[in-house]
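Trainee: just the structure for this:
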Amino acid sequence: MRLSPRSARAFTSLLALTGVTAVALALAPGAAAAAPAKPSGTTSTAPTSTTTAAAADSRALWVWDTSTPDATVDLAVSSGIDQLFVAVPPNVTTSAQLPNLRTLSERARAAGIRVDALGGDPGWVDNPSWVVTYWLKPARSTGLFTGIHIDVEPYSTSAWTTSQSTVVAGYLTLLDKLKASAGTSPIEADIPFWFNQIPAKASNGAASTLDREIMRRTSGVTVMAYRNTAAGTDGTLDIAAAELAVGTALGKPVRIGQETTYLGDTAVDTKQTFYGWTRTAMEAQLAQVDAGASSYAAYAGIAIHSAAGYAAMTP
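Mentor: I've put the predicted structure just below:
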């Protein structure tokens, strides 16, 4: 099964600290999901949207738990959040979660907040047709979401350690299939800050890097640059700089992801999250991120992981 959102991000960022070579030596396996029954279709369509970059002062929020839609929207409104990445299960049209998703989406959109369908699993790399049939198409058919937000984390598969190039190619094929089936819905993806170090092939066979090929297939990315200090060596701005530069070169918007959930008690864990901080103290760092990253034309604001961790912070 897929790692929980919390453990996946802790795992991702921890591995990134030791470099890509070490990443390839110590990854947990991810299993492909089994295909559920075919969903019942609906006649509604996803709303048309623009793919232009968000403003540099934009704020987004990952929402994995959709059981309290009213509280989630209230949190977003009170915090100046203008975009939500909301977790959507496969076969959502027949899911027990659909009523809460409908409430959350309708309330958020009434408040001027964009809502994107969030989904992903390392096993998606091996099952792109399943993803299109059982996740993408049902999610779009609800008409509740503006865009598609992908969080696949292909480095969590066991094959990453033995056949990285195959996993990379499979992930890019997945993005190609999603894009071909997404219609007017823009697709964005979460990436770690070290994907600029992962070799990939461009569509014409030329040598490239994974971050560039993801950006070429999407409307934008969110870089998981999890640090609780903005400036200095190994700060948020330092580790996000390469992806901001690539996004600027390719004309693709780049958000910077920041963590608020508990990751552990080691020095490595604690420097990756604002868990235990006040929102006031965190905002002082995020203001520095905004100021520094705004020098890049690609910068599209901050995304906070996650709604649960953010809601638990004291003022």
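Trainee: Validate this expectation: Leu118 resides in a helix.
Mentor: No: counting by DSSP: H, G, I helix; E, B strand; the rest coil, Leu118 falls outside a helix, being strand.
Trainee: who does it form a beta bridge with?
Mentor: Ala87, His149 (DSSP bridges).
Trainee: distance of it from Ser105?
Mentor: For Leu118, the distance to Ser105 equals 12 Å [C-beta to C-beta, to the nearest Å]. For the C-beta atoms, the positions are set from N, CA and C on the backbone; glycine is no exception.
Trainee: can you work out which residues contact both of these two?
Mentor: Shared contacts of Leu118 and Ser105, defined by C-beta atoms under 8 Å, 6 or more residues apart in numbering, comprise Val86.
Trainee: check contacts around Ala281.
Mentor: Ala281 neighbours (C-beta under 8 Å, 6+ apart): Phe274.
Trainee: let's verify it: helix, strand, or coil?
Mentor: helix.
Trainee: for it, give me the pLDDT.
Mentor: On pLDDT, Ala281 comes in at 98.
Trainee: and it, how far from His305?
Mentor: Distance from Ala281 to His305, by C-beta to C-beta: 17 Å.
Trainee: what does Ile191 give?
Mentor: 13 Å.
Trainee: what of Gln164?
Mentor: Taking C-beta to C-beta, one finds Gln164 at 25 Å from His305.
Trainee: again, but for Thr161
Mentor: For Thr161, the distance to His305 - C-beta to C-beta - is 25 Å.
Trainee: the more surrounded of the two?
Mentor: More neighbours surround His305 than the other of Thr161 and His305, with 28 against 15 (other C-beta atoms under 10 Å).
Trainee: spatially nearest residue to that one (excluding sequence neighbours)?
Mentor: Spatial nearest neighbour of His305, excluding adjacent residues (C-beta to C-beta, 6 or more residues apart in numbering): Trp62 at 4.7 Å.
Trainee: so what's the one you found up against?
Mentor: Pro5, Phe85, Leu118, Ala303, Ile304, His305, Ser306, Ala307.
Trainee: now the common contact residues for Ile191 and His305.
Mentor: Met224.
Trainee: ok, Asp234 - contacts?
Mentor: Arg227, Lys271.
Trainee: 7 Å instead?
Mentor: Asp234 makes contacts with Arg227, as judged by C-beta atoms under 7 Å, 6 or more residues apart in numbering.
Trainee: can you pull out the helices in the stretch 201-315 of the chain?
Mentor: Using DSSP state H, counting those that start in this stretch, the helices of the stretch 201-315 of the chain run over residues 210-217, 236-250, 267-270, 279-293, 307-312.
Trainee: about what we covered before: so of the contacts of Trp62, which ones are in strands?
Mentor: Judged by DSSP state E, these include Phe85, Leu118, Ala303, Ile304, His305 as members of strands.
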